[in-house]
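Q: missing the sequence, but the structure's below:
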């Protein structure tokens, strides 16, 4: 027998160790992928919510610019500052002239 030869017991041990290593690496990779996918899902959800808030903000600005003084933010009526009411009254007076 040569010193470089591998006997059947060593092959069995190497095979078991390799199988266990593949399972452990597979489990670790699956956890990593799961965490990455979860992070991507959270990012997409927060981007969508941010877009929705931005759209609501733009809608309020458009309504105030058109002197619609009953804007809502996600269905909740918001109160406007007094100077907004005065500006709208001044615009309406200018239109009447």
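A: Perfect, I can see it now. None of these values were measured; they are calculated from a predicted model. Numbering: from 1, shown residues only.

Q: where along the chain do the strands fall?
A: 72-73, 76-77 (DSSP state E).

Q: what residues are up against residue 31?
A: By Cβ atoms under 8 Å, 6 or more residues apart in numbering, residue 31 lies in contact with nothing. From N, CA and C alone the C-beta is placed, and that goes for glycine too.

Q: separation between it and residue 45?
A: 21 Å (Cβ to Cβ, to the nearest Å).

Q: now do residue 11
A: Counting by Cβ to Cβ - residue 11 and residue 45 are separated by 51 Å.

Q: what do you get for residue 83?
A: 37 Å.

Q: residue nearest the centroid of this structure?
A: Centroid-nearest residue in the chain, with Cα atoms, centre = their mean: residue 43, separated by 2.5 Å.

Q: where in this protein is pLDDT low?
A: 1-6, 97 (pLDDT under 70).

Q: In it, mark out all the helices, start to finish.
A: Using DSSP state H, the helices of the chain run over 8-65, 82-96.

Q: Neighbours of residue 78, how many?
A: Neighbour count for residue 78, taken as other Cβ atoms under 10 Å: 11.

Q: which ones are touching it?
A: Taking Cβ under 8 Å, 6+ apart, we find residue 78 in contact with 60, 71, 72.

Q: Apply 10 Å and report the result again.
A: 60, 64, 70, 71, 72 (Cβ atoms under 10 Å, 6 or more residues apart in numbering).

Q: Ok, residue 20 next?
A: Counting by Cβ under 10 Å, 6+ apart, residue 20 has no contacts.

Q: Relative to residue 14, how far out is it?
A: Relative to residue 14, residue 20 is positioned 11 Å away (Cβ to Cβ).

Q: Check residue 35 too.
A: Counting by Cβ to Cβ, the separation of residue 35 from residue 14 is 32 Å.

Q: just residue 44 next, same as before
A: For residue 44 relative to residue 14 (Cβ to Cβ), the value is 44 Å.

Q: what's the answer for residue 51, then?
A: Separation of residue 51 from residue 14 (Cβ to Cβ): 54 Å.
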